[in-house]
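Chemist: everything below, folded, please.
(one chain, ligands or ions: 2)
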Amino acid sequence: MAEMKISPCEQAEAGALHPKFIRDEEERPKVAYDQFSDEIPVISFAGIEESGEKRAEAWRRIVAASEDWGIFQLVDHGVDFTVVERMSSLARDFFALPSEEKLRFDMSGGKKGGFIVSSHLQGEVVQDWREIVTYFSYPVAARDYSRWPDKPEGWRAATEEYSRQVMELGCKLLEILSQAMDLEKDALSKACVDMDQKVVVNFYPKCPQPDLTLSLKRHTDPGLITLLLQDQVGGLQATPDGGNTWITIRPVQGAFVVNLGDYAHYLSNGRFKNADHQAVVNSKCSRLSIATFQNPAPDAKVYPLKIREGEESIMKEAITFSEMYKRKMSNDIEVARLKKLANQNKPLF
Ligand SMILES: O=C(O)CCC(=O)C(=O)O
Ligand SMILES: [Fe+2]
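Modeler: Ligands and ions are numbered 1, 2, ... in the order given. All right, here's what the predicted structure looks like:
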């Protein structure tokens, strides 16, 4: 029998949550979507190109945040306000299209890019409360425009410009981190061989029982650096202690939330944190976020670029990024499988 497809959008108006979305108790949200914290620094990038105190201060704060949390917010970042606004409004318009239109770009069955309802991880037991549209924007030569939405009108030109400006910003941040590691400023970019960029637009419909589910389960991003744009609703949460305590990051208008991923963690020999995060939903309104992942090429080497005096390598051997990703995904699936088994074997009384 074909698997029943239940989309959060179709479910949003229903009274009770379908069991497919119900998380185990220990995974459920511990902090409300709008209980905001200011613990994650908001850093201004103004004056970053000049020499002087402002620049030194921004550098110091970026490096400290990368070491403490692997996550910070960036304002005055130079990505055009109009480009950001256009990208956000097109993204909203995309999700408002009738299902048949969105499903013209259905990416299920392993296609590279398009639209998908809920979690795209094969074998996932509990589903995330989200819909996504995703496309690969770099390397330019490998772009497959047939997997990019062609609606709403203007999507391609607007998203191309957005991608270009975000790539530029990401590379500037990588220069700072490379230099903080006492390496040439292009060291982290060069390690990627040919940097990939993947854009994931997340749409999280409002949810009838938000306390039982997650819009995106706890994870670290696999790549180097992620630049995330979120609307003013709130729902992005970070944990400093493996999921015991959580904070909800206060949305800042126009800011990028910058996350470091696993690849940055390994290349810096653990000095930069791979931010541990998740997203929660609410019953009042939908939420939109746009994540731009800057990743290494699949055959790029994963191994510390710098091992500081007195340190040992956190990796036993060098592996490729695609191998790292494969191990990460199979580990996730295995953890979910074991959990399901454990639940099945739980005595009912
Ligand atoms: O929507 C959010 O706030 C988080 C998105 C995210 O973490 C991701 O797409 O990897
Ligand atoms: Fe993420």
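Chemist: count of neighbours near the residue of the stretch 101-250 of the chain found nearest ligand 1?
Modeler: Closest to ligand 1 within the stretch 101-250 of the chain is Leu236: 3.4 Å, counting by CB to the nearest ligand atom. Where C-beta positions appear, they are placed from N, C-alpha and C, glycine not excepted. Close neighbours of Leu236, defined as other CB atoms under 10 Å, add up to 25.
Chemist: just Arg61 next, same as before
Modeler: For Arg61, using other CB under 10 Å, the count is 15.
Chemist: contact partners for the nearest residue to it once chain neighbours are set aside?
Modeler: Closest residue to Arg61 apart from its sequence neighbours, by CB to CB, 6 or more residues apart in numbering: Ile43 at 4.8 Å. Going by CB atoms under 8 Å, 6 or more residues apart in numbering, Ile43 touches 58, 61-62, 65, 72-75.
Chemist: in its sheet, what does the helix or strand containing Ile43 sit against?
Modeler: Here Ile43, judged by DSSP states H and E, is contained in strand 42-44. When pairing is defined by DSSP bridges, strand 42-44 lines up against strand 71-75 (parallel).
Chemist: hmm, the helix or strand following the partner strand touching ligand 1?
Modeler: Using DSSP H and E, the helix or strand that follows strand 71-75 towards the C-terminus is helix 81-96. No: remark: helix 81-96 sits outside contact range of ligand 1, by CB under 6 Å from any ligand atom, the gap being at least 11.9 Å.
Chemist: okay, buried residues for helix 81-96 please.
Modeler: 83-84, 86-88, 90-91, 94-95 (16 or more other CB atoms under 10 Å).
Chemist: closest one of those to ligand 1?
Modeler: For the buried residues of helix 81-96, the nearest to ligand 1 is Ala91 (11.9 Å; CB to the nearest ligand atom).
Chemist: follow-up on the earlier one: can I get the contacts of Ile43 in CSV with pLDDT and distance to ligand 1?
Modeler: Below are the contacts of Ile43 laid out as CSV (pLDDT from 0 to 100; distance: CB to the nearest ligand atom, whole Å):
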residue, pLDDT, distance to ligand 1
Ala58, 94, 24
Arg61, 97, 22
Ile62, 98, 20
Ala65, 98, 17
Phe72, 98, 14
Gln73, 98, 12
Leu74, 98, 15
Val75, 97, 17
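Chemist: buried among those residues? Make that a PyMOL selection.
Modeler: A single PyMOL command selects the buried members of those (16+ other CB under 10 Å):
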select buried, resi 58+62+65+72+73+74
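Chemist: show me the strands in the stretch 1-150 of the chain, by range?
Modeler: Counting by DSSP state E, counting those that start in this stretch, the stretch 1-150 of the chain has strands at residues 36-37, 42-44, 71-75, 114-117, 131-138.
Chemist: tell me if the shortest one is near ligand 1.
Modeler: No: figure legend: strand 36-37 not in contact with ligand 1 (CB under 6 Å from any ligand atom); closest approach 13.2 Å.
Chemist: show residues contacting that strand.
Modeler: By CB under 8 Å, 6+ apart, strand 36-37 touches 234, 247-251.
Chemist: please identify the pairing partners of it and their relative orientation?
Modeler: Strand pairing (DSSP bridges) places strand 36-37 next to strand 247-249 (parallel).
Chemist: quick one: name whatever helix or strand follows the strand it pairs with.
Modeler: Following strand 247-249 in sequence order, the next helix or strand is strand 256-260 (DSSP H and E).
Chemist: that following strand to helix 81-96, inter-axis angle?
Modeler: 80 degrees (axes from the mean of the first three to the mean of the last three CA atoms, to 10 degrees).
Chemist: centre of the chain versus the very next helix or strand once past strand 256-260, how much separation?
Modeler: With elements assigned by DSSP H and E, the helix or strand that comes after strand 256-260 is helix 262-267. When distances are taken as CA atoms, centre = their mean, to the nearest Å, helix 262-267 is centred 15 Å away from the chain's centroid.
Chemist: which other residues reach helix 262-267?
Modeler: 66, 70, 177, 188, 191, 220-225, 272-274, 295-296, 300, 302-306, 314-315, 321, 324, 328.
Chemist: drop anything exposed from the residues you listed.
Modeler: 66, 70, 177, 188, 191, 220-225, 272-274, 295-296, 300, 302-305, 315, 321, 324.
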